[in-house]
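Asker: Quick one, structure for this:
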Amino acid sequence: MSPHTPAERRTVAMALPALPQADATAVNAFLDAIWAENGLAQQTLDSYRRDLELLARWRDGRGGGLVAADRAALFDYLAWRAKQGYSPRSNARLLSALRAFYAWCVRRGTRSDDPTALLEPPKLPRSLPKALAESQIEALLAAPDIAQPLGLRDRAMLELMYAAGLRVSELVNLPSTGVNLRQGVLRVMGKGSKERLVPLGEEAQHWLERYLANARPLLAGKRALAPLFIGTTGEAPTRQQFWLLVKRYAAVAGVDPDKISPHGLRHSFATHLLNHGADLRALQMLLGHSSLSTTQIYTLVAREQLKQLHAKHHPRG
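Answerer: Here you go, the predicted structure:
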């Protein structure tokens, strides 16, 4: 039976042969090079490593190497992945990694051609972001027990993420020096190490002030800690830990945990701003999108909601 879940595919990956030394050396050199040249985020580098190492192991099991793979071999690998149930989005990410890797091989002189030249990316379905209703957001924000230091921290994190439209990685990696309560702004380091200033909003500022005054000193003790949001160990919560928190608070708030994610708060921030008349360019700046086309998907969300409203309430809907 073919593996379909990420956990099943990881089990298959671990069962494959060890990475050949020549391929391991090439992958490490490539990742070092693109980190130095492009300053890619660690999450992107990790994804590239996983994709390249899976292909290298697959090739090794068939008597070939990663660097020498030709176009036919890559077609065969993509066909194999399709049978294994990998999603189009996963394969699109793989192709991005392969293009970067083989372009580097050509520049380095270890290959004379790029085998990805004629490979077409898979067509991705256009999915609309899932946003919560404003009443659901209110219930979610009120879910943490603010009588406890960690509960007060979680309330501040949820308020800040919704008020500022932060990515999960941006939220958990916020340094304590990134907040200016006097001016009511947040300095955020986004994708590609691009910095932006985001207004806090009165509610988020209120809960952040309470957290800094009443919870963080108890969690930090006498330690001088860099992260803004910390746990009892003094470390910032990971993205995965925050995801579990959101799920837990969703259940408390009466929101289906399977229909919510930390990124859903960012989608809700954008959708609710548009619903209340925000300018698309301003929203692009707040979200930290490099392209306006990325932001425009939220106009489709607002349009879809209007269609649903019309269908529900208009006599001829």
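Asker: domains for this protein, by residue range?
Answerer: 6-108, 134-313 (automatic domain parsing).
Asker: So for Glu120, which of these sits nearest?
Answerer: domain 6-108 (8.6 Å; C-beta to C-beta). In this view, the C-beta of every residue, glycine as well, is placed from N, C-alpha and C.
Asker: how much distance is there from the closest one to the middle of the chain?
Answerer: Domain 6-108 sits 20 Å away from the centroid of its parent chain (C-alpha atoms, centre = their mean, to the nearest Å).
Asker: what about stretch 208-219, average pLDDT?
Answerer: The pLDDT scores in stretch 208-219 average 94.
Asker: start to end distance for it?
Answerer: Stretch 208-219 stretches 15 Å from its first residue to its last (C-alpha to C-alpha, to the nearest Å).
Asker: Redo the domains of the chain as JSON lines? Include distance to Pro115 and mean neighbour count.
Answerer: Shown next, in JSON lines, are the domains of the chain (distance: least, C-beta to C-beta, whole Å; neighbours: other C-beta atoms under 10 Å):
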{"stretch": "domain 6-108", "distance to Pro115": "4", "mean neighbour count": "15"}
{"stretch": "domain 134-313", "distance to Pro115": "27", "mean neighbour count": "17"}
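Asker: With respect to those domains, which exhibits the lowest mean confidence?
Answerer: Sorting the domains of the chain by mean pLDDT places domain 134-313 lowest, at a mean of 78.
Asker: to the chain's geometric centre, what's the distance from that domain?
Answerer: 13 Å.
Asker: quick revisit: redo the domains of the chain as TSV? Include distance to Thr116.
Answerer: Formatted as TSV, the domains of the chain follow (distance: least, C-beta to C-beta, whole Å):
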stretch	distance to Thr116
domain 6-108	5
domain 134-313	23
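Asker: nearest to Ala117, of the ones you listed?
Answerer: Proximity to Ala117 (C-beta to C-beta) singles out domain 6-108 among those, at 7.6 Å.
Asker: Relative to Ala139, how far out is Ala147?
Answerer: 18 Å (C-beta to C-beta, to the nearest Å).
Asker: can you map out the helices along the stretch 151-300 of the chain?
Answerer: All helices of the stretch 151-300 of the chain, identified by DSSP state H, counting those that start in this stretch, fall at 168-172, 202-210, 216-220, 239-253, 262-275, 280-287, 292-295, 297-313.
Asker: Surely Trp80 and Gly61 touch.
Answerer: No. Using C-beta atoms under 8 Å, Trp80 is not in contact with Gly61; the gap is 10.7 Å.
Asker: can you dump the C-alpha coordinates of stretch 168-178 into CSV?
Answerer: Presented in CSV, the C-alpha positions along stretch 168-178 are these (Å, rounded to 0.1, in the frame of the first residue of the first chain):
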residue,chain,number,x,y,z
VAL,A,168,3.8,32.0,13.1
SER,A,169,7.6,32.0,12.7
GLU,A,170,7.6,35.8,13.0
LEU,A,171,5.6,35.6,16.3
VAL,A,172,7.7,33.0,18.1
ASN,A,173,11.0,34.5,16.9
LEU,A,174,10.2,38.0,18.1
PRO,A,175,12.9,39.5,20.2
SER,A,176,12.0,41.6,23.3
THR,A,177,13.8,44.5,21.6
GLY,A,178,11.4,44.3,18.6
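Asker: Contacts for it next, please.
Answerer: 41, 43, 157, 160-161, 186-190, 225-229, 236-239, 242-243, 262-263 (C-beta atoms under 8 Å, 6 or more residues apart in numbering).
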